[in-house]
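Q: make a model of this:
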Amino acid sequence: MDTISLTLGLGLLALFAIPIIYLILKSNAHTSKVKQRAYDFATQNKLKIDEFEQIGNTIIALDVSNKKLIFGKAGSEDHFEIIDLNQYATIHLQQDLQAGNSKKIQFLALNFAAMQKQSTKSICFYDEAGSDIIAPEIRLQQARKWETKITPLIAA
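A: Below you'll find the predicted structure:
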């Protein structure tokens, strides 16, 4: 009886654990491919990535010494853009809340204001209309973290 229970328990464990392990391995492989593409893009543009993070399908990488930020969207064809932080005067965290509920976040983005009032740049961290399944409060913490990393580089 103990052998049957043990076999049945191990079988059920394998039935549930194997798909989860497969998804984790597949996600890690995809993340490492995107990271490698970002590092290749940085190398082609003579940049060195000091900080890298993938937030949902947004990739953010920071080159502190050159004061440049690389960002893009992960997908079938990764497209990266370089933001020269020397061109911007300020950075602002935009946090739009739902009209009736002041606690519910609808949209989060980091907005870069240019010195010459030309075009502004924006990096979206959370959009309720999107397919992001992570809680907006977690995205808010990630956006604040990047705001604190970038602010000293813009001010200097």
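Q: who does the residue most central in space within the chain bridge with?
A: Using C-alpha atoms, centre = their mean, the residue of the chain that lies closest to the mean C-alpha position is residue 55, 1.9 Å off. The bridge-partner assignment for residue 55, based on DSSP bridges, gives residue 58.
Q: that one and residue 2, how far apart?
A: When distance is defined by C-beta to C-beta, to the nearest Å, residue 55 is 48 Å away from residue 2. No exception for glycine: its C-beta is placed from N, CA and C like everyone else's.
Q: what residue ranges in the chain score low on pLDDT?
A: Scanning the chain for pLDDT under 70 picks out 1, 75-78, 101-102, 117-118, 131-132, 155-156.
Q: show me the helices in it, by range?
A: Remark: helices assigned in the chain by DSSP state H are 2-44, 136-155.
Q: so which of those gets nearest residue 104?
A: helix 136-155 (7.8 Å; C-beta to C-beta).
Q: report how many residues lie close to residue 122.
A: Using other C-beta atoms under 10 Å, residue 122 has 10 neighbouring residues.
Q: ok, now residue 107?
A: Residue 107: 17 surrounding residues under other C-beta under 10 Å.
Q: how close does the closest residue to it other than its chain neighbours get to residue 138?
A: Of all residues not flanking residue 107 in the chain, residue 96 sits nearest, at 4.1 Å (C-beta to C-beta, 6 or more residues apart in numbering). When distance is defined by C-beta to C-beta, residue 96 is 17 Å away from residue 138.
Q: which ones are touching residue 107?
A: By C-beta atoms under 8 Å, 6 or more residues apart in numbering, the residues touching residue 107 are 94-96, 124, 126-128.
Q: ok, of these, which one's closest to residue 70?
A: Among the contacts of residue 107, and counting by C-beta to C-beta, the member closest to residue 70 is residue 124, at 15.6 Å.
Q: my guess is the closest one contacts residue 111. True?
A: No - taking contacts as C-beta atoms under 8 Å, residue 124 lies outside contact range of residue 111: 10.0 Å.
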